[in-house]
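# Predicted model and sequence below, questions to follow.
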Amino acid sequence: MPLRQPAPSLADLRRRVLADPERMNALLFAPPLDDSQYYHWEQLLRRDSPSDLSHEEWWFRLKLQRSSQMRTVALRAKDGSHFTFAMTDEVLQLTEEIGRRAGGSVLGGGAALTPDGRDMFVVRSLVEESITSSQLEGASTSRRVAVELLSTGRDPRTKSERMILNNYRAMQIVTESSSDSLTPMWVLDLHAMLTEGTLDDPSDAGRLETPDHERVSVWAGETQVHVPPPAHELPQRLLELTAFANGSATDSPYIPPIVRSVIIHFMFGYDHYFADGNGRIARTAFYWSMLHNGYWLAEYLTISKILRAAPGKYGDSYQYTEDDDNDLTYFILHQLRVIKRSLDELDAYVASRHRESLRVQNALKGAVRDFNMRQTQIIEWLTRESPLAVTATEIANRYRVSTQTARNDLTHLESFGLLERGRAKHPIEWSPVPDLATRLTKLE
């Protein structure tokens, strides 16, 4: 949605304040105002101003307070000025919390993500992020169909399915290449992978926009909300962005690595390097940066799911930044809150999976010795999701084992009466028995 109330010119406000010396002194030497919410002008207007201040005076004082906190980023806006951001208390608190949690452990580590269970959680996050990130860009495939697509490894049948599969493969590459530096060529290759088979013009895959093509802008309905930098600047801007992405904690001014990752996300969207797929490449680059800086838990997060639930706030954070003198704080705060929420959801998911594991383990009772950890996880998944049928290929993809190992697992579960084999031979399908939960309790 386009901004209804763009921020007023600070220069104009300053001239009006300076015209009344007495009022100017009262404003300049008053105690600091509460700026914990870091409102944009449009948000400010919807709230009552502090006593004895007009909304313009309130905004003027907040802008003065923020100026003392600003740090300059070595990335340029369209007008050549540098982006900035404020190290507010909330930014500091969230970066410290996210850094501790994303670089540490889940629910205390050890028991929650065991070596045997790790791949299951990684696949779950890759699947969820691939689906929701693609849906943000227009993919319309249902979650059930998308999960079936990624689990079975079949060829995509629609453009939406192709988007989801591309995103899944790209996320795998990012995970595997997280220790490598980000280069313009790697970005182009990643974009080609993300957009393969989904573009109106296939030659746009992995190619920066050029002056020979109509520049893609960002629209909200019939309103143009963002005009990216000119296409002829893109090669140099991408070079600057990748150099920034490869920066370290020793650079000056200091930028927390998590904030750096968020800024990378923003800049890919702001610069709009490609004819399509800019959102997908922005979120994928964010994941690369988090993993590159040692925040291994980012591999398990699904931020697109949260962004998709409230796309308006995501768009607003972009517009607030561009409207208010290229102040990245709005976008940074929004993304840090999203990351924290994603961590909270991961903790809740791990806790629920742990409870489910205990329940199934209890149901298996003495027979637990007859099942390895992966087979127990397959039983947990079958009882939770109740799929109509599964194949060895699906189990192999889900748990990252060979097809033969998956086939052995399913045959083993079948021997205990927990699965029924279908009639088809190619591929062989197994279905959970209707009374699976009851049979679990009767195993001896």
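Great, that's in hand.

# Need the pLDDT of the spatially most central residue of the chain.
The C-alpha lying nearest the average C-alpha coordinate of the chain belongs to residue 303 (Cα atoms, centre = their mean; 3.3 Å). Reading off the confidence values, residue 303 has pLDDT 88.

# Residue 357 now?
With respect to pLDDT, residue 357 scores 68.

# try residue 71
95.

# what's the burial count for the nearest residue to it once chain neighbours are set aside?
Residue nearest to residue 71 in three dimensions, not counting chain neighbours: residue 253, with 4.9 Å by Cβ to Cβ, 6 or more residues apart in numbering. Quick note: C-beta positions are derived from backbone N, CA and C, even for glycine. Neighbourhood size, residue 253 [other Cβ atoms under 10 Å]: 10.

# Then residue 310?
Residue 310: 12 neighbours (other Cβ under 10 Å).

# Next, work out how far apart it and residue 316 are.
Going from residue 310 to residue 316 by Cβ to Cβ, to the nearest Å gives 10 Å.

# cool, and residue 206?
Relative to residue 316, residue 206 is positioned 31 Å away (Cβ to Cβ).

# now the strands for the protein?
70-76, 82-86, 218-220, 223-226, 419-421, 430-432 (DSSP state E).

# Which one of those strands has the poorest average confidence?
Among the strands of the chain, strand 218-220 scores lowest, at a mean of 81.

# quick one: residue 266 from residue 71, how far?
Counting by Cβ to Cβ, the gap from residue 266 to residue 71 is 15 Å.

# which residues touch the nearest residue to residue 387 once chain neighbours are set aside?
Closest residue in space to residue 387, ignoring its immediate chain neighbours: residue 432 at 7.2 Å, by Cβ to Cβ, 6+ apart. By Cβ atoms under 8 Å, 6 or more residues apart in numbering, residue 432 lies in contact with 382, 383, 386, 387, 418, 419, 420.

# Wait, residue 136 touches residue 277, no?
No. The pair residue 136 / residue 277 is not scored as a contact, 11.1 Å apart, by Cβ atoms under 8 Å.

# of the two, who's got more company?
residue 277 (25 against 17).

# Please list all residues in contact with the more buried one.
137, 191, 194, 195, 198, 199.

# And those residues, which two are furthest apart?
Among these, the pair separated by the greatest distance (Cβ to Cβ) is 137 and 191, at 12.6 Å.

# Let me know which of the strands of the chain is the nearest to residue 154.
Here strand 430-432 is closest among the strands of the chain (Cβ to Cβ), at 17.3 Å.

# Identify the residues contacting stretch 22-36?
Contacts of stretch 22-36 (Cβ under 8 Å, 6+ apart): 17-18, 50, 57-58, 60-62, 64-66, 88-90.

# what's the closest of the strands of the chain to residue 172?
Of all these, strand 430-432 sits nearest to residue 172, with 26.4 Å by Cβ to Cβ.

# what's the offset of the closest one from the middle of its chain?
The chain centre lies 34 Å from the centre of strand 430-432; the measure is Cα atoms, centre = their mean, to the nearest Å.

# quick one on the thing from earlier: filter the contacts of stretch 22-36 down to the ones in helices?
17, 18, 57, 58, 60, 61, 62, 64, 65, 66, 89, 90 (DSSP state H).

# so, if you compare those, which one comes nearest to residue 152?
For these, the nearest to residue 152 is residue 90 (43.7 Å; Cβ to Cβ).

# Name the nearest residue to residue 228, ignoring sequence neighbours.
Going by Cβ to Cβ, 6+ apart, residue 228 has residue 272 as its nearest residue, at 3.7 Å.

# Now do that neighbour against residue 333, distance only.
Going from residue 272 to residue 333 by Cβ to Cβ gives 22 Å.

# Pass me the low-pLDDT residue ranges in the stretch 251-400 of the chain, would you?
In the predicted model of the stretch 251-400 of the chain, residues 356-357, 361, 364-369 satisfy pLDDT under 70.

# burial of residue 149, as a residue count?
Residues near residue 149, counting by other Cβ under 10 Å, number 24.

# Quick one: residues contacting it.
Taking Cβ under 8 Å, 6+ apart, one finds 141, 156, 161, 164, 165 in contact with residue 149.

# you'd agree the last one is up against residue 150?
Looking back up the chat, that one is residue 165. Yes. In this structure, residue 165 is within contact of residue 150 by Cβ under 8 Å, at 7.0 Å.
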